[in-house]
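In: give me a model of this one.
(one chain, ligands or ions: 1)
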Amino acid sequence: MDKRLINFWVIGYYVQDLLLSLDSIMVSRIEMMDSQSLESIGLPDWIIKNLNDQGIVELLAVQNEIVPFIARTEGHDICVCAPTGSGKTLAYVLPIVQKLYNRVVRRLRVICIVPTHDLVTQTEATFKSITKGTDLVVETLGLRSFALEQSLIVSSHFNDENNSVTYQSLVDIIVCTPGRLVEHLNETPGFDLQHLTYLVIDEADRLLRESFQYWLEKVMDSSSVSKERLISIGSRGDISISDSKYNNTSSGGSSNFRSHIDHLSFKESRVIKLLLSATMSYNPEKISLLKLNAPLYFQSNKISELKYTIPDTLKESYIACHSDQKPLALISVIGNIFKSKQQQQTDQNDNIARIICFTNSIDITQRLNTLLGFIGEVDGVKLKPAQYSSSINSIERSNLLKLFANGDINVLICSDILARGMDLPNVDAVINYNAPPSAVLYVHRVGRTARAGRKGSAYTIVAREEKSYFTNMIKKAGRTQKMDKLTWKKEQYQKYTKSYKNALSQTRTIYAKRKANQKLFKSINNLSQSSALTTEDNQSIIVQDLTEINKKRLLINFE
Ligand SMILES: Nc1ncnc2c1ncn2[C@@H]1O[C@H](COP(=O)(O)OP(=O)(O)OP(=O)(O)O)[C@@H](O)[C@H]1O
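Out: The predicted structure is shown next:
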């Protein structure tokens, strides 16, 4: 390779790295400025109407920054770190739908990747609320059978003249989890990302932690529409980027300099990547793994003081108690929340307090739900608990969310499946029955309340042995000065002791019965397995035993 060419490539890599390192620290602070009117940032009337139909009359801070930026620029990848509940979803849905509105041919131009199926459903609803009235098609992956999805996303046409098959995309926008997307890329004929224009990665820090190399590389390979972009370097080292072939008008440098170093070009995909989270890791090396193109990092201007972005309207506190007193502390906190809700003279039609209670396991979720179900009422308010976890199927989970939204359930006891991104209306308080294992999870859990500028409270019930771990975690998250410590006053909890003890004994009975039944099931299974191996006369004994056991089983009523 001749010397000139070697110089060329060496500088090429240098400029690319320089660009990335330069760009990866190009930070724009999202000023929590006053909300702007929808018209003032150039949204078309039909989008304004769709927003008004859902009661939205002005944009929130993060939307004021991001929407006009995406609508008016090309080529910059964007990372957004803004508080939970600050409206990040609409911040990307609005400009993307606005840009797609004038498309002529339907092609798959947008992929929005989220970490859970529940979030797929929620994000699809947000997209559809804005595409309403247009011919833009939004589809989800992962909520139906694979074959049905294949028929919904691609159509094929057999061309008998030249014996070939042509494919046509039936969708414009897909919302999905990573796994199902890769399955379709591998197995669905005619499904590809060659026309992909926007790749949205919501809850990016979590998604990029999970099997990062596995799905993103596949997606980037499938979408790598390589289009040359030229970078010219002026004599003063200034850099300009142009899409067209090298032209002499590009900024920077005198002509003689250009004669030596003509131009640098590197191929890269023109998919615009949008990464969003309330707990984005601001680590250029990690983010640069995504091969971001001239990335811009938007972050809430609060982040400078605090490590994580938490809504200003959130009131946080914790209680330290013995681990066996936790249920009593929980009942007392629920009583406080019910009482303060009744004192609020805000909306008489809806004085139902809605509480989300996070635990660290499905088993604790189930036990707590059984216990609270026996408590009956707290300070005169009927307790209507339900459990929400991956042990329940997605249809039942979405029904539970509807019951919670209309107040038929007022305490949703859940595992962390609900922690990220899920947007439940009017949650008054979040209770961490178990301290979350990480500051990131703490931010996302408590972020289920105090959304879109509304007030909310977060309580964490900490066992004495967990206290130092919890307070250190909160310190690391920069939340210490925001956290109130509630004292454990015995007399405060006395009034709940009777109902708690009664509920506890009923719960213990239930679990004892379930344990006995599990033993019965086990012995039935063992017997039925062994019966296959014995002679005919023994089988009659086995059948007799089985009927005996079945008789016993019927004596224990299942809950
Ligand atoms: N401009 C607006 N005006 C009023 N409410 C809004 C506006 N934009 C979004 N919302 C509402 O704010 C709530 C939170 O929005 P969204 O779920 O997008 O927040 P988020 O920043 O993605 O939160 P998370 O980090 O938890 O995912 C939703 O109920 C949404 O309908």
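
In: contact partners for the residue nearest to the spatial centre of the chain?
Out: Among the residues of the chain, the one closest to the centroid is G421, at 3.8 Å (Cα atoms, centre = their mean). Going by Cβ atoms under 8 Å, 6 or more residues apart in numbering, G421 touches V114, P115, T116, L119, Q122, D202, E203, H444. From N, CA and C alone the C-beta is placed, and that goes for glycine too.

In: do that again at 6 Å, thanks
Out: G421 is in contact with L119, E203, counting by Cβ atoms under 6 Å, 6 or more residues apart in numbering.

In: how about the residues of the stretch 301-450 of the chain near the ligand?
Out: By Cβ under 6 Å from any ligand atom, the residues of the stretch 301-450 of the chain that approach the ligand are G421, D423, G447.

In: swap in the stretch 51-200 of the chain?
Out: Contact residues, the stretch 51-200 of the chain versus the ligand (Cβ under 6 Å from any ligand atom): I56, L59, L60, Q63, T84, G85, S86, G87, K88, T89, L90.

In: could you rerun that using 8 Å?
Out: Residues of the stretch 51-200 of the chain lying near the ligand by Cβ under 8 Å from any ligand atom: 51, 54-60, 62-63, 82-91, 122, 126.

In: which of the residues you listed are buried, as a ChimeraX select command?
Out: Of these, the buried ones go into a single ChimeraX selection, burial set by 16 or more other Cβ atoms under 10 Å:
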select :51,56,59,60,62,63,82,83,84,85,86,87,88,89,90,91,122,126
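
In: any idea how far T123 is from the residue nearest to the centre of the chain?
Out: Distance of G421 to T123, given as Cβ to Cβ, to the nearest Å: 8 Å.

In: same check, this time on S323
Out: Distance, S323 to T123, by Cβ to Cβ: 38 Å.

In: so these two - more neighbours on which side?
Out: Taking neighbours as other Cβ atoms under 10 Å, S323 and T123 compare with T123 leading, 25 against 13.

In: just to revisit the earlier point, the residue nearest to the centre of the chain belongs to a strand?
Out: No: secondary structure assignment (DSSP: H, G, I helix; E, B strand; the rest coil) places G421 in coil, not in a strand.

In: list phi and psi for it.
Out: phi 80, psi -30 (degrees, to the nearest 10).

In: check contacts around the residue nearest to V137 when sequence neighbours are not counted.
Out: The shortest distance from V137 to any non-neighbouring residue, by Cβ to Cβ, 6 or more residues apart in numbering, is to V171 (4.7 Å). Neighbour list for V171: L108, V137, E139, I153 [criterion: Cβ under 6 Å, 6+ apart].

In: and if you look at Y493?
Out: Listed by Cβ under 6 Å, 6+ apart, the contact set of Y493 reads L328, S332.

In: distance-wise, check it relative to N102.
Out: 62 Å.

In: kindly report the same for R209.
Out: 37 Å.

In: look at these two and report which has more neighbours.
Out: Neighbour count, other Cβ under 10 Å: between R209 and N102, R209 has more, with 12 against 6.

In: relative to L372, how far out is that one?
Out: Per Cβ to Cβ, R209 is found 33 Å from L372.

In: next: P44.
Out: 48 Å.

In: kindly report the same for I153.
Out: Counting by Cβ to Cβ - I153 and L372 are separated by 43 Å.

In: these two - which one has more neighbours?
Out: L372 (24 against 20).

In: which residues does that one contact?
Out: L383, P385.

In: Three-state assignment for it, please.
Out: Three-state call for L372 (three-state DSSP): helix.

In: quick check: the gap between it and the ligand.
Out: Separation of L372 from the ligand (Cβ to the nearest ligand atom, to the nearest Å): 25 Å.

In: roughly how far apart are that residue and T131?
Out: In this view, L372 and T131 are 40 Å apart by Cβ to Cβ.

In: for the longest helix seen in the chain, what is the distance to the chain centroid?
Out: Looking across the chain with DSSP state H, the single longest helix is helix 490-531. Relative to its chain's centre, helix 490-531 lies at 35 Å (Cα atoms, centre = their mean, to the nearest Å).

In: so, low pLDDT: which residues of the stretch 1-150 of the chain?
Out: Segments of the stretch 1-150 of the chain classed as low confidence (criterion: pLDDT under 70) are 1-35.

In: how about the residue in the stretch 201-350 of the chain that the ligand sits nearest to, nearest residue that isn't a chain neighbour?
Out: Closest contact between the stretch 201-350 of the chain and the ligand, by Cβ to the nearest ligand atom, is at A278 (4.2 Å). Nearest residue to A278 in three dimensions, chain neighbours excluded: T84, at 4.5 Å (Cβ to Cβ, 6+ apart).

In: low-confidence bits of the stretch 401-550 of the chain, can you list those?
Out: Residues of the stretch 401-550 of the chain meeting the criterion pLDDT under 70: 530-550.

In: same thing but at 90, please
Out: The stretch 401-550 of the chain contains residues with pLDDT under 90 at 416-421, 425, 437-440, 453, 464-469, 472-482, 487-495, 510-550.

In: how many neighbouring residues does the residue of it found nearest the ligand have?
Out: Residue nearest to the ligand within the stretch 401-550 of the chain: A452 (3.2 Å; Cβ to the nearest ligand atom). By other Cβ under 10 Å, 13 other residues sit near A452.

In: what do you get for the one 3 residues further on?
Out: Applying other Cβ under 10 Å, we find 14 residues neighbouring K455.

In: from A405, how far out is V446?
Out: From V446 across to A405, the span is 20 Å (Cβ to Cβ).

In: neighbour-wise, which of those two wins?
Out: Ranked by neighbour count (other Cβ under 10 Å), V446 and A405 place V446 first, with 29 against 14.

In: now do the same contact list for the more buried one.
Out: V446 sits next to V430, A458 when contact means Cβ under 6 Å, 6+ apart.

In: what about L143, which SS state?
Out: Counting by three-state DSSP, the backbone at L143 sits in coil.

In: dihedrals phi and psi, it?
Out: L143 adopts backbone torsions of phi -110, psi -10, taken as degrees, to the nearest 10.

In: so who does it touch?
Out: By Cβ under 6 Å, 6+ apart, the contact set of L143 is empty.

In: one step back: so the residue nearest to A278, which state does it fall into?
Out: Note that with three-state DSSP, the state of T84 is coil.

In: would you confirm that S415 contacts S389?
Out: Yes: assessed by Cβ atoms under 6 Å, S415 is found in contact with S389 at 4.1 Å.

In: quick one: classify F404 as helix, strand or coil.
Out: Assignment for F404 (three-state DSSP): helix.

In: for it, what are its contacts?
Out: Contacts for F404 (Cβ under 6 Å, 6+ apart) come out as L412.

In: quick one: end-to-end distance for stretch 134-145.
Out: The first and last residues of stretch 134-145 sit 27 Å apart, counting by Cα to Cα, to the nearest Å.

In: that older thread, ok, the residue nearest to A278 to T121 distance?
Out: 19 Å.

In: also N525?
Out: From N525 across to T121, the span is 37 Å (Cβ to Cβ).

In: and these two? Which one has more around it.
Out: T121 (19 against 10).

In: quick one, phi/psi of the residue of the stretch 401-550 of the chain closest to the ligand?
Out: According to degrees, to the nearest 10, A452 has phi 50, psi 40.

In: ok, for it, nearest residue in space, not its chain neighbours?
Out: G85 (5.7 Å).

In: my read: the one you found touches R451, true?
Out: Yes: taking contacts as Cβ under 6 Å, G85 lies within contact range of R451: 2.8 Å.

In: touching both of these two, which residues are there?
Out: Listed as contacting both G85 and R451 by Cβ under 6 Å, 6+ apart is no residue at all.

In: sheet partners, orientation included, of the helix or strand harbouring Y459?
Out: Taking DSSP states H and E as the criterion, the element that holds Y459 is strand 456-463. Sheet pairing of strand 456-463 (DSSP bridges) gives strand 314-321 (parallel), strand 429-432 (parallel).
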